[in-house]
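Visitor: Next comes the sequence, and after it the predicted model I'd like to discuss.
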Amino acid sequence: MSPTPPPSPARLVTDRVTLAYDRRVISEDLSLAVPDGSFTAVIGPNGCGKSTVLRALARALVPQTGSVLLDGRRIDQMRSKDVAREVGLLPQSSLAPDSIRVSDLVARGRAPHQSLLQQWSRADEEAVAEALAVTGTSELSGRMVDELSGGQRQRVWVAMLLAQSTPLMLLDEPTTFLDIAHQYELLELLRTLHGQGKTIVAVLHDLAQAARYADHLVVMHQGRVHALGPPSEVITSELVEEVFGLRTLVVPDPVTGTPLVVPLDPRHIT
């Protein structure tokens, strides 16, 4: 059985879901609650189901059994536009249409807020301009997306997600294509957005970054929730060895005091 979800209020939950691609089951009987207003980092080894759970939370994957609930309603029974006004997803890899400018791609984030009767508005224009500014991509707005570096494209995709203006933001490995400076720049941005009231859920690979920026961790292992809670309680040497198969020493980060995972030299292990 999966661990009991945390008791804190949650707008977005999975209730005993089975997640699969065709006949290949990834997660079974999975119950998980995203604490409202949290910065939740989902961590775990490759192939453990992190991205699959994120896709289910965003209604990009329909469970075989069980339900994903948003404000108590089954997300698969809600209108797509209603879900997209509340939950935004940045997938692990995204493909932009050919020959599209950065500003036009970011503007697509406003689609859930438009209708036949309400097309492009001043609010849409301001949301796009702000998203470009906070991601440092304003100077790229007139360029073609396919001309950009991997790191620049990633920031543009984050800008599109921001332009969507959702209270719940889900990001699947958002730092993958970024150099070390831009990784921390993006995580600082997410922390700022969290401080402004956004609920953030991010799949991260770097345990130190997850512990430093998130206030709630979900540890996935073999398709199940292995542990969850505050980083200071979750990240231990025992957990890292059990989940990742790596002998480590967990020490306080000298800057933040959050858990810092230091791999042990195999030659010095007794």
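Guide: The structure has been received and is ready for your questions.

Visitor: so what does the strand or helix carrying Val243 touch, helix or strand wise?
Guide: If you go by DSSP states H and E, Val243 is part of helix 237-244. Helices and strands touching helix 237-244, by 3 or more CB pairs under 8 Å, 6 or more residues apart in numbering; DSSP states H and E, are strand 216-221, strand 224-229, strand 248-252. Where C-beta positions appear, they are placed from N, C-alpha and C, glycine not excepted.

Visitor: which of those strands is buried the deepest?
Guide: Mean neighbour counts were taken over these using mean count of other CB atoms under 10 Å, and the top value, a mean of 24, falls to strand 216-221.

Visitor: now the angle from it to helix 237-244?
Guide: 50 degrees (axes from the mean of the first three to the mean of the last three CA atoms, to 10 degrees).

Visitor: and strand 216-221, which strands flank it?
Guide: strand 39-43 (parallel), strand 224-229 (antiparallel) (DSSP bridges).

Visitor: Now render these as a markdown table, adding mean pLDDT.
Guide: Output for these, formatted as a markdown table (pLDDT from 0 to 100):
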| stretch | mean pLDDT |
| --- | --- |
| strand 39-43 | 97 |
| strand 224-229 | 95 |
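
Visitor: Let me have the helices and strands packed on helix 237-244 in JSON lines, adding distance to Thr176 as columns.
Guide: Below are these laid out as JSON lines (distance: least, CB to CB, whole Å):
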{"stretch": "strand 216-221", "distance to Thr176": "17"}
{"stretch": "strand 224-229", "distance to Thr176": "23"}
{"stretch": "strand 248-252", "distance to Thr176": "23"}
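
Visitor: Out of those, the one nearest His182 is which?
Guide: His182 lies closest, by CB to CB, to one member of those: strand 216-221, at 23.0 Å.

Visitor: before we move on, back to that, pipe the strands paired with strand 216-221 into TSV and attach distance to Glu126 per row.
Guide: Output for these, formatted as TSV (distance: least, CB to CB, whole Å):
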stretch	distance to Glu126
strand 39-43	25
strand 224-229	37
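
Visitor: Could you point out which of these sits nearest Thr137?
Guide: strand 39-43 (22.3 Å).

Visitor: Tell me who's in contact with Thr65.
Guide: Residues near Thr65 by CB atoms under 8 Å, 6 or more residues apart in numbering: Arg16, Val17, Thr18.

Visitor: now swap in Val17 and tell me
Guide: When contacts are counted by CB under 8 Å, 6+ apart, Val17 touches Ser27, Asp29, Leu30, Ser31, Ala56, Pro63, Gln64, Thr65, Gly66, Ser67, Val68.

Visitor: Doesn't it belong to a strand?
Guide: Yes: using DSSP: H, G, I helix; E, B strand; the rest coil, the secondary structure at Val17 is a strand.

Visitor: How about it, nearest residue that isn't a chain neighbour?
Guide: Gly66 (3.4 Å; CB to CB, 6 or more residues apart in numbering).

Visitor: what residues does stretch 20-38 touch?
Guide: With CB under 8 Å, 6+ apart, stretch 20-38 has contacts from 1-2, 4-6, 8-19, 40, 49, 52-53, 57, 64, 66, 168, 194, 197, 199-201, 214-216, 218, 223-225, 228.

Visitor: Over to stretch 133-149 now: how far is its first residue from its last?
Guide: Start-to-end span of stretch 133-149 (CA to CA, to the nearest Å) is 18 Å.

Visitor: Near Leu161, how many other residues are there?
Guide: Leu161: 22 surrounding residues under other CB atoms under 10 Å.

Visitor: And it, how close does it get to Pro252?
Guide: Computed as CB to CB, to the nearest Å, the Leu161 to Pro252 distance reads 33 Å.

Visitor: How about Leu228?
Guide: Distance of Leu228 to Pro252, computed by CB to CB: 21 Å.

Visitor: Go through the top helix by length along the chain and flag the buried ones.
Guide: In the chain, taking DSSP state H as the definition, the longest helix is helix 180-195. Neighbour-count burial for helix 180-195 flags His182, Gln183, Leu186, Leu187, Leu189, Leu190, Arg191, Leu193, His194 (criterion: 16 or more other CB atoms under 10 Å).

Visitor: got the contact list for it?
Guide: Taking CB under 8 Å, 6+ apart as the rule, helix 180-195 contacts 37-39, 134-136, 151, 154-155, 158, 162, 169, 171, 174-175, 178, 200, 202, 206, 209, 212-213.
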